[in-house]
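what follows is a predicted protein model with its sequence.
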Amino acid sequence: MKRIYLDNAATTKLAPAVFEAMTPYLTEIYGNPSSPHYFGQQVAAAIDKARQQVAAGIGADAGEIIFMSGGTEADNMAIRGIAERYSSRGKHIITTAVEHHAVLHTCQLLEKHGYEVTYLPVDEYGRVTVDQVREAIRPDTVLVSVMFANNEVGTIMPIPEIGALCREKGVFFHTDAVQAVGHLPIDVKAMNIDMLSMSAHKFHGPKGVGALYVRKGIMLPALIQGGAQERNRRAGTENVPGIVGMGKAMELAVGSLEENAAKMTALRDRLIRELPKRIPEIKLNGHPTDRLPNNVNYSIKYIEGESILLMLDLNGIVASSGSACTSGSLDPSHVLLAMGLTHEVAHGSVRMTLSEETTEEDVEYVLDVLPRVAERLRRMSPLYHG
Ligand SMILES: *Cc1c(COP(=O)(O)O)cnc(C)c1O
């Protein structure tokens, strides 16, 4: 059976060219980059190149990129690092109610250590405004952390505006851009971003590697103690194949960003337009236009997202009910609840996230199968009287 993968927000397929770039570093080029001999220096040069590639993709300088294990570690390092190093400036942090758990749980941990955290509420589309941030900033605010684009509903936050405000107020600004990198144009300098988290496996790179951009001049203490790798900011022998793969993946993603975004946006919008014509009483989650080019998220009233996913899976369509991190738990998504959905409607959500390999035929197949699945489940639902 043909399988259509529509869970690219959870993770993406490794690009063949990325695999090719990585292979030598899993086989014959195996030196430790900290070693001063030929074997080590050959590998150190490969890391330098990857650092340039990653930096170029977001408008940063190579020295501002710290490689680490992924988006989760990058979020932890940015938030805990600022809290530890700059606590004399104040112990108040501003974030949003719809962040990834890597940010939310880190902020919750800091609350146990004397920090006060403001979790800004979002509008019906999952957005905060720059005015909300302005009103929340206090003399003791040290950090604002607002995600670039939401992983569940795709909504894009007003990042350049928040960046300009934070710069004006002298408050550090971190953004979790894990879903945005490779999908949306990013320029950390023009957008006044101080720290930015990214993860390779969300843009066709390998899993287990990511990076934090830290603007020059900001001193973050290391989370992991040990050797002097990453200029004393992240100890431990580097994930060399991963880092090389991340560099290549960034180069590819940014190189074809516009073309891929246009292609995915057209398919996304066909799904967004057609599904409500074919399924009555469904609700689009997230902003209608200010959203990631690959994200479609609908709540199908009266039925359970989990049953929809199961039936879609049986028909060869792989989707998600929200974040991969919370599936398996029966709690509805904190993002959908923060947007004001009832538990019932939040439970009926289906997220489909496309890739540049998604075809028109795939979309037509979904438009054929999903309405039939919804109708069948609704006929069995005690809540539905249509
Ligand atoms: C996937 C994701 C993360 C976590 O990244 P990992 O590399 O899997 O740890 C963090 N934030 C967002 C918005 C994500 O989508």
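Ah, there it is.

which ones are touching the residue of the stretch 201-350 of the chain found nearest the ligand?
Relative to the ligand, the nearest point of the stretch 201-350 of the chain is G210 (4.9 Å; Cβ to the nearest ligand atom). Using the backbone N, CA and C atoms, a C-beta is placed for each residue, glycine as well. Taking Cβ atoms under 8 Å, 6 or more residues apart in numbering as the contact definition, G210 lies against 67-74, 178, 197-200, 246.

who does it bridge with?
Taking DSSP bridges, one finds M68, S199 as the beta-bridge partners of G210.

show me the shaky parts of the stretch 251-386 of the chain.
Under the criterion pLDDT under 70, the flagged ranges of the stretch 251-386 of the chain are 322-330, 386.

could you pull out the strands for it?
Along the stretch 251-386 of the chain, the stretches classed as strands by DSSP state E, counting those that start in this stretch are 282-284, 295-300, 317-318, 349-353.

save the ones you listed as a markdown table, and put in mean neighbour count too.
Shown next, in a markdown table, are the strands of the stretch 251-386 of the chain (neighbours: other Cβ atoms under 10 Å):
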| stretch | mean neighbour count |
| --- | --- |
| strand 282-284 | 17 |
| strand 295-300 | 26 |
| strand 317-318 | 20 |
| strand 349-353 | 27 |
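
any chance of those in JSON lines, plus distance to the ligand?
Listed next are the strands of the stretch 251-386 of the chain as JSON lines, based on distance: least, Cβ to the nearest ligand atom, whole Å:
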{"stretch": "strand 282-284", "distance to the ligand": "20"}
{"stretch": "strand 295-300", "distance to the ligand": "11"}
{"stretch": "strand 317-318", "distance to the ligand": "17"}
{"stretch": "strand 349-353", "distance to the ligand": "10"}
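
circling back to that earlier point, any idea which of the contacts of G210 is closest to R351?
In terms of Cβ to Cβ, no member of the contacts of G210 lies closer to R351 than V178, at 15.3 Å.

what about that closest one, how many neighbours?
28 (other Cβ atoms under 10 Å).

cool, H37 as well?
The number of residues near H37, taken as other Cβ under 10 Å, comes to 9.

try K189
When neighbours are counted by other Cβ under 10 Å, K189 registers 13.

give the contact list for it.
Applying Cβ under 8 Å, 6+ apart to K189 gives the contacts G59, A60.

doesn't it belong to a helix?
No - applying DSSP: H, G, I helix; E, B strand; the rest coil, one finds K189 to be coil, outside a helix.

next, it: phi, psi?
When read as degrees, to the nearest 10, the backbone of K189 gives phi -70, psi -50.

let's see the pLDDT reported for it.
For K189, the model assigns a pLDDT of 98.

rewinding a little: which of the contacts of G210 tops the neighbour count?
Busiest of the contacts of G210 [other Cβ under 10 Å] is A200, holding 34 neighbours.

test my guess that that one contacts G242.
Yes - judged on Cβ atoms under 8 Å, A200 makes contact with G242 at a distance of 6.8 Å.

which residues are common contacts for these two?
Listed contacts common to A200 and G242 are P206, V209; contacts here mean Cβ under 8 Å, 6+ apart.

circling back to that earlier point, closest to Q53 out of the contacts of G210?
Nearest to Q53 among those is M246, at 8.0 Å by Cβ to Cβ.

which residue, neighbours along the chain excluded, lies closest to the closest one?
Excluding the flanking residues, the one nearest M246 by Cβ to Cβ, 6 or more residues apart in numbering is A200, at 3.8 Å.

residue contacts, that neighbour?
G70, P206, K207, V209, G210, G242, G245, M246, A249, M250.

apart from its chain neighbours, what residue comes closest to the first one?
Across the structure, with Cβ to Cβ, 6+ apart as the measure, the residue nearest G70 apart from its sequence neighbours is G210 (3.9 Å).

one more: the fourth one?
Taking Cβ to Cβ, 6+ apart, and ignoring the residues beside it in sequence, V209 has G242 as its nearest neighbour in space, at 3.3 Å.

phi, psi for that neighbour please.
phi -60, psi -50.

so how many other residues sit close to it?
24.

surely it and H201 touch.
No - counting by Cβ under 8 Å, G242 does not reach H201; the two are 9.4 Å apart.

what do these two both touch?
Listed as contacting both G242 and H201 by Cβ under 8 Å, 6+ apart are G208, V209.

for the residue lying closest to G226 once chain neighbours are set aside, helix, strand, or coil?
In space, and not counting its chain neighbours, G226 is closest to A235: 3.1 Å by Cβ to Cβ, 6+ apart. Per three-state DSSP, the local secondary structure of A235 is coil.
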